[in-house]
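Chemist: What shape does this take:
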Amino acid sequence: MYCNNNPVKFSDPNGEFAVLALVGALAVGAIVCAAVDLGSQLISNKSDLSSVNWRSVGVSAVSGVVTTGMAAVTAGASMTAGTLISGTGYGTYNLVNGSEATPEGYAIAMGTGALLGGARHELGKVGSGGKGNSSDA
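Modeler: Here you go, the predicted structure:
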């Protein structure tokens, strides 16, 4: 959270913390996406590590970096950003992993992103006394 979510009271005159926060967020995005991929494979393969597709885990990590970076850039437009970020993540994963991206897959990814983006907007209203984030679309 930049400036403890209060840039009026706290400041970062050199802008150094913003870079560290972005790098940290990108790392978390990579770790979470890789962990979800690995976990789902282990569940499907009955915890057999020898049958894990490590390329897929790596691609998920890259996809996590791409989608987290897009989320950082488009943070103000919740539903639109969620739609675009999820669609891009789905496309990136399939492109790099060598698997086929389908229209149905894009629709599911983008619909989920829109729903989560809208939920983020509504939860922001709760945390700000019903006002929401003025930059959210």
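Chemist: So what's the residue count around S51?
Modeler: 11 (other C-beta atoms under 10 Å). Quick note: C-beta positions are derived from backbone N, CA and C, even for glycine.
Chemist: Equivalent analysis for D48, please.
Modeler: D48: 10 surrounding residues under other C-beta under 10 Å.
Chemist: Give me the nearest residue to it, chain neighbours excluded.
Modeler: Leaving aside its sequence neighbours, D48 sits nearest to L42 (C-beta to C-beta, 6 or more residues apart in numbering; 7.7 Å).
Chemist: which ones are touching that neighbour?
Modeler: Listed by C-beta atoms under 8 Å, 6 or more residues apart in numbering, the contact set of L42 reads 48-49, 52.
Chemist: Quick one: name whatever helix or strand follows the helix or strand hosting it.
Modeler: Assigned by DSSP states H and E, L42 belongs to helix 16-44. Later in the chain than helix 16-44, the nearest helix or strand by DSSP H and E is helix 54-73.
Chemist: Helix 16-44 and the very next helix or strand once past that following helix, what's the angle between them?
Modeler: Beyond helix 54-73 on the C-terminal side, the first helix or strand identified by DSSP H and E is helix 78-97. Helix 78-97 and helix 16-44 are oriented at 60 degrees to each other (axes from the mean of the first three to the mean of the last three C-alpha atoms, to 10 degrees).
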